[in-house]
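Student: model the structure of this input:
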Amino acid sequence: LDGYWVQKVIGDRFSSVIYAFANGWLYRSSNDGATWALLTSMPVVDDFIMNADEPNILFSGNHNSCADGAPSGPMLKSTNGGLSWFELPDSNGLRPLITHPFKPEIIVAADCQWLYISEDGGNSWRPRPDLSEGALWHTYTIVAAAAVYTEDTENPDDLAWLRLYVGGQAADGSGIVAYTTDLGQSWQQITPDVHPAPWGMSTIALDPFNANYNWFADRNGVWYTPDGGMDWRFTYEGLNIDKPEGAGALLFMVMHPTGQIYLGTEHGLYTKVFDGLHWVKVADTAFDQARVNNILFTETNANLLYLNTSDGVQLVRIEG
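Tutor: Prediction:
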């Protein structure tokens with residue numbers, strides 16, 4: 001952009017609006033990246049999530065972290081596409097995880113203990129501890145969230161949350177995935193009770209329109225269920241995690257409308273068929289050994305993947 005390499009993109013699969021950082025400046029595209037406009041050369045924050053229906057509405061945790069000794073501050077919100085930001089009340093230490101794509105007033109966030117829900121655009125927050133006997137969020141720190149959608153019966157052109165899924169990791173490294181159908185008032189764990197437990201959970205992925213299909217990655221590979229958690233399969237072939245030329249850490253995962261799963265790793269991009277057992281590296285690229293931290297595509301231009309990597313943004317065109 002303007003002669004500078006793009007460092008990072010931010011967007012939502014349900015919107016054609018994409019934000020990009022280049023030379024420390026903030027740009028915006030309203031047409032899936034076909035054209036770009038400079039928003040500001042002095043952005044206040046460099047990390048945020050975007051609401052799909054109202055892409056001017058952004059939320060930033062401003063690098064809040066659960067790392068030992070990490071400083072924390074209030075969550076920030078922008079209503080003008082990142083030109084200005086303001087602090088949200090009672091949000092110290094919160095990290096925004098996901099917003100409802102068609103109800104921008106609903107935001108899901110987490111601190112280092114619980115999940116929080118706001119239904120008024122972040123003006124107030126309700127903690128959602130697991131009050132069941134399992135008390136999940138007393139043990140696990142929330143590291144990821146994703147949603148499965150269904151048709152909104154009140155607004156057929158919109159989508160409604162069917163299930164909100166959350167991935168959590170305990171102090172010993174073990175992890176779980178659980179879902180809620182009532183904005184966190186109750187939780188159902190779907191991950192298997194196996195030994196050793198899933199270890200070092202890093203990312204979860206869903207089919208956004210089918211609650212049966214779920215994936216999550218740990219240090220050793222990727223777990224997959226085709227039936228909502230009744231049965232699980234473990235896939236690692238092709239990743240070669242324990243070899244110097246292998247994938248290394250597994251960082252980010254998405255399911256693509258073509259049925260492919262894409263996995264960003266410490267050393268490049270891998271893919272497999274959604275129910276396949278073998279991973280294949282996307283090879284002979286400029287990012288073969290780059291750290292792929294995030295993968296973005298939009299429903300209106302799904303054949304173009306944006307990869308946020310340690311070498312800047314890379315583009316991958318896929319068939320489908």
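Student: so where's the stretch 101-250 of the chain uncertain?
Tutor: 153, 156-157, 195-197 (pLDDT under 70).
Student: can you give me the strands in it?
Tutor: Using DSSP state E, counting those that start in this stretch, the strands of the stretch 101-250 of the chain run over 103-110, 115-118, 126-127, 140-151, 159-170, 175-180, 188-189, 203-207, 210-217, 222-225, 233-235, 250-255.
Student: tell me, how many residues neighbour N155?
Tutor: For N155, the count of nearby residues is 11 (other CB atoms under 10 Å). The way it works is simple: take the backbone N, C-alpha and C, and place the C-beta from them, glycine included.
Student: right, and S41 touches Y27 too?
Tutor: No. Using CB atoms under 8 Å, S41 makes no contact with Y27, being 10.1 Å away.
Student: neighbour count: the two, which is higher?
Tutor: Between S41 and Y27, Y27 has the larger neighbour count (other CB under 10 Å), namely 22 against 9.
Student: quick one: what helix or strand has that one in it?
Tutor: strand 25-29 (DSSP states H and E).
Student: which other helices and strands contact whichever helix or strand comes after that strand?
Tutor: Counting by DSSP H and E, the next helix or strand C-terminal to strand 25-29 is strand 37-40. Where contact means 3 or more CB pairs under 8 Å, 6 or more residues apart in numbering; DSSP states H and E, strand 37-40 is packed against strand 25-29.
Student: that older thread, partner strands of the strand holding Y27, parallel or antiparallel?
Tutor: strand 18-22 (antiparallel), strand 37-40 (antiparallel) (DSSP bridges).
Student: from W215, how far out is the closest residue to L159 other than its chain neighbours?
Tutor: Nearest residue to L159, sequence neighbours excluded (CB to CB, 6 or more residues apart in numbering): Y149, at 4.1 Å. Using CB to CB, to the nearest Å, one gets 17 Å for the distance from Y149 to W215.
Student: repeat for S124
Tutor: Going from S124 to W215 by CB to CB gives 34 Å.
Student: what about Y149 and W215, which has more around it?
Tutor: Taking other CB under 10 Å, Y149 and W215 do not tie; W215 has more neighbours (23 against 20).
Student: touching, that one and L206? I think so.
Tutor: Yes. Counting by CB under 8 Å, W215 does reach L206; the two are 7.5 Å apart.
Student: what is in contact with these two at once?
Tutor: Listed as contacting both W215 and L206 by CB atoms under 8 Å, 6 or more residues apart in numbering are M255.
Student: who touches stretch 77-93?
Tutor: 19, 26, 28, 39-40, 43-45, 48, 55-60, 64, 72-76, 94, 109, 111-112, 121-125.
Student: ok, stretch 1-17 next?
Tutor: By CB under 8 Å, 6+ apart, stretch 1-17 touches 18-25, 27-33, 36, 38, 46-53, 55, 101, 159, 208, 294, 296-301, 306, 308, 312-313.
Student: that older thread, distance to A135 and mean pLDDT added to the strands paired with strand 25-29, as TSV?
Tutor: Output for the strands paired with strand 25-29, formatted as TSV (distance: least, CB to CB, whole Å; pLDDT from 0 to 100):
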stretch	distance to A135	mean pLDDT
strand 18-22	38	97
strand 37-40	44	96
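Student: this completes my enquiry, with thanks.
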